[in-house]
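Q: Model the structure of this input:
(chains A, B and C)
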Amino acid sequence: MDTQKTEQITFRVRRYDPEKGTNPHFQEFTVPSGRGMTVLDGLIYIKENLDSTIAFRTSCRMAICGSCGMLINNYPHLACHTQIEEFHSNRLTLKPLPNFPVIKDLVVDLIPFFEIHKSIKPYVLRNDSEEMENPTAEFGQSHQALESFLQFTYCIKCGICISACPTSASDKLFHGPQALAQCYRYCADNRDAGEPERFPVVGTDHGVWHCHLAGACSESCPKGVDPALAIQLLKRRLVSRTLGLGKKEPPASIAPQPAQAKPKLPFPEFTVKQS
Amino acid sequence: MRQIRPRPNYLGVGGWVWAGNYKLERYLYILHRVTGLGILLFLLVHLIVTTFFRIQGQAVWDSAMRFLSNPFFKTGEYLVAVAFVFHALNGLRLILQELGFLMAKPIPPIYPYSDSLRKKRPWTMAIIGIIMVLCLVFFYDFIVGGW
Amino acid sequence: MRRYTYLWLMQMVTGVLIAVLLGIHMVMQHLEDILRFFGVNLNDPASWNSMIERSRQAIWAGIYIALLAVVLYHALNGLRNVILELTPSARTERVVTRAILAFGIIVFAWASYVPIALLSR
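A: This next block holds a predicted model:
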């Protein structure tokens, strides 16, 4: 296989410049691409060689920061995580993520998204403030307890699930699969006691109950977080709390200290003699 | 610096139907919604027929039945029966899955990722199979006119 | 939070009830051949005589009123959910909810009066 072979790929990018006041329009660029080149590599090539006014977000280039979400051939992907070769076409259409306001070109406004994420209190809430302020030891959490919510902690807050969700497309007040899945991640965490604070926020018409299990969020999630599963488990929790079914377990307490203290290692000698 | 107002970018109702190449469950969701609204429209007409026409006596009822035994209306009734079968069985699947019963357990994600709806796809296909069988049964009764 | 949870739970419960009651209604109205195979003989349920005979029995009036109640709740709540997914303004939401509630009560009152009135005719 000739790894040096390059093809000319047409990138059709949706341009929109608010300062020029024009309507959004498509602009085509021709990018030489080879094996292993991602869409983000193509965009950087455009910015460096063809048109330096193109705007897009990028940071880690390895699918962990969640900056480069965009619509590639009508499906939301992370640009750094998507090979040009996987489309089997020499024509790619790039548009900004839908269901978010567009600032410029491929850059969308994520501030409302983060505000909704903050509104579900994405941190561990407990009633014993003394232990939270001055921790003495770790909280006890078994491996099984961790596995029950570990999958949902991998969220990188890229916003792709909200672009895929059909409810988010029309309902501007819907919290979105990301916030609801993170609400479940904190409610299912056995260290947390914050259900009474979070449930009135998500248990409303424009919260959990407008999710109708289209499953597009889980299908498009680039990290396999499966927000649809988290939302259905959240519904189950809401129903069982409202009906009073099921045992309500108290939040995890401090793990007991081991009976035999491990011997302390001696402090190593300074390598630089102090005068 | 001049404040830039971001341009709204919602897909709107179009985003319910044509938003990209998604898999089966998204289209089952939109079909559930369409069949529900269709049955609601049929219900209003059906209530008018069975209340106003029934209470006015035999002549009105029989002429209404003759009017409605037109093949056009028979096909419409068959479509409503199909819509009801789909909505009911898909609804049963949704009740089970929305309460977490037919969904997979959370496991740490290992590439290639498979979401829990895809893992339970055999159940969805079984329910669609039952829907097809019932559609055939109703087809024989409505269109072919019985055995 | 409890109010919305109960609304959704009632949607599910009425859904299951409809699947049963409407299933009986469908089978009775349309699948006479299958029923005849099982030995139950109904003579052409849509004809006037069969319908009048059924409307004199209290059990059928009861079933029809129950079916009407669950169907109206399920359908109008579903319609309300679809409409609320399109309108973010709180005032529109209140107006829509009240309109649907009024419509539902009027339709239920009229359409349950008819089987009861026909019971005695």
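Q: now for the lowest-mean-pLDDT helix or strand in chain C, which elements pack on it?
A: Between all helices and strands in chain C, the lowest mean by mean pLDDT, DSSP states H and E belongs to helix C:32-37, at a mean of 70. Where contact means 3 or more Cβ pairs under 8 Å, 6 or more residues apart in numbering or on different chains; DSSP states H and E, helix C:32-37 is packed against helix C:2-30. All C-beta atoms are positioned from the backbone trio N, CA, C, and that covers glycine.
Q: Give me the helices and strands touching the helix it packs on, please.
A: Partner elements for helix C:2-30 (3+ Cβ pairs under 8 Å, 6+ apart): helix A:227-243, helix B:71-98, helix C:32-37, helix C:58-84.
Q: give me that answer again for 10 Å
A: Contact here means 3 or more Cβ pairs under 10 Å, 6 or more residues apart in numbering or on different chains; DSSP states H and E; on that basis helix C:2-30 packs against helix A:195-202, helix A:227-243, helix B:71-98, helix B:121-139, helix C:32-37, helix C:58-84.
Q: Let me know which of these is the nearest to residue A:42.
A: Closest of those to residue A:42 is helix A:227-243, at 28.9 Å (criterion: Cβ to Cβ).
Q: List the buried residues for that closest one?
A: Buried positions in helix A:227-243, judged by neighbour count with 16 or more other Cβ atoms under 10 Å in any protein chain shown: A:227-239, A:241-242.
Q: what number of residues lie near the closest residue to chain C within chain A?
A: Closest approach between chain A and chain C, counting by Cβ to the nearest Cβ: residue A:203, at 3.7 Å. Number of residues near residue A:203 (other Cβ atoms under 10 Å in any protein chain shown) recorded here: 24.
Q: Please tell me how far it sits from residue A:179.
A: In this view, residue A:203 and residue A:179 are 13 Å apart by Cβ to Cβ, to the nearest Å.
Q: and the helices and strands packed on helix C:2-30 as CSV, adding distance to residue A:67?
A: What follows is these, written out as CSV (distance: least, Cβ to Cβ, whole Å):
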stretch, distance to residue A:67
helix A:195-202, 26
helix A:227-243, 19
helix B:71-98, 33
helix B:121-139, 32
helix C:32-37, 60
helix C:58-84, 33
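Q: hey, which of the ones you listed is tucked in deepest?
A: helix A:227-243 (a mean of 23; mean count of other Cβ atoms under 10 Å in any protein chain shown).
Q: any bit of it sitting next to chain B?
A: Yes - applying Cβ under 10 Å from any Cβ of the partner chain, one finds helix A:227-243 touching chain B at A:227-237, A:239-240.
Q: and residue B:102, that's in a helix?
A: No - looking at residue B:102 with DSSP: H, G, I helix; E, B strand; the rest coil, it is coil, so not inside a helix.
Q: Looking at the closest residue to it other than its chain neighbours now. What's its pLDDT?
A: Leaving aside its chain neighbours, residue B:102 sits nearest to residue B:96 (4.6 Å; criterion: Cβ to Cβ, 6 or more residues apart in numbering or on different chains). Per-residue confidence (pLDDT) for residue B:96: 92.
Q: Residue B:96 touches residue C:15, doesn't it?
A: No - the pair residue B:96 / residue C:15 is not scored as a contact, 11.7 Å apart, by Cβ atoms under 10 Å.
Q: thought residue A:54 was touching residue A:47?
A: Yes - taking contacts as Cβ under 10 Å, residue A:54 lies within contact range of residue A:47: 5.4 Å.
Q: between these two, which one's more packed in?
A: Higher neighbour count among residue A:54 and residue A:47: residue A:54, with 19 against 15, using other Cβ under 10 Å.
Q: which ones are touching that one?
A: Taking Cβ atoms under 10 Å, 6 or more residues apart in numbering or on different chains as the criterion, residue A:54 is in contact with A:11, A:13, A:15, A:27, A:29, A:43-44, A:46-47, A:94, A:104-106.
Q: Next secondary structure element downstream of the helix or strand bottoming out on mean pLDDT in chain B?
A: Scoring the helices and strands of chain B by mean pLDDT, DSSP H and E places helix B:54-55 at the bottom, with a mean of 77. Per DSSP states H and E, helix B:54-55 leads on to helix B:58-68 as the next helix or strand towards the C-terminus.
Q: Tell me the buried residues in that next one?
A: Of all the residues in helix B:58-68, those buried under the rule 16+ other Cβ under 10 Å are B:61, B:64.
Q: by how many degrees do that helix and helix B:71-98 diverge?
A: Relative orientation of helix B:58-68 versus helix B:71-98 (axes from the mean of the first three to the mean of the last three Cα atoms, to 10 degrees): 80 degrees.
Q: Can you give me the neighbour number for the residue lying closest to residue A:182 once chain neighbours are set aside?
A: Nearest non-adjacent residue to residue A:182, counting by Cβ to Cβ, 6+ apart: residue A:122, 5.1 Å away. If you count neighbours by other Cβ under 10 Å, residue A:122 ends up with 15.
Q: Tell me if I'm right that residue A:122 and residue A:185 touch.
A: Yes - between residue A:122 and residue A:185 there is a contact under Cβ under 10 Å: 8.0 Å.
Q: Give the residues shared as contacts by the two.
A: Counting by Cβ under 10 Å, 6+ apart, the contacts common to residue A:122 and residue A:185 are residue A:155.
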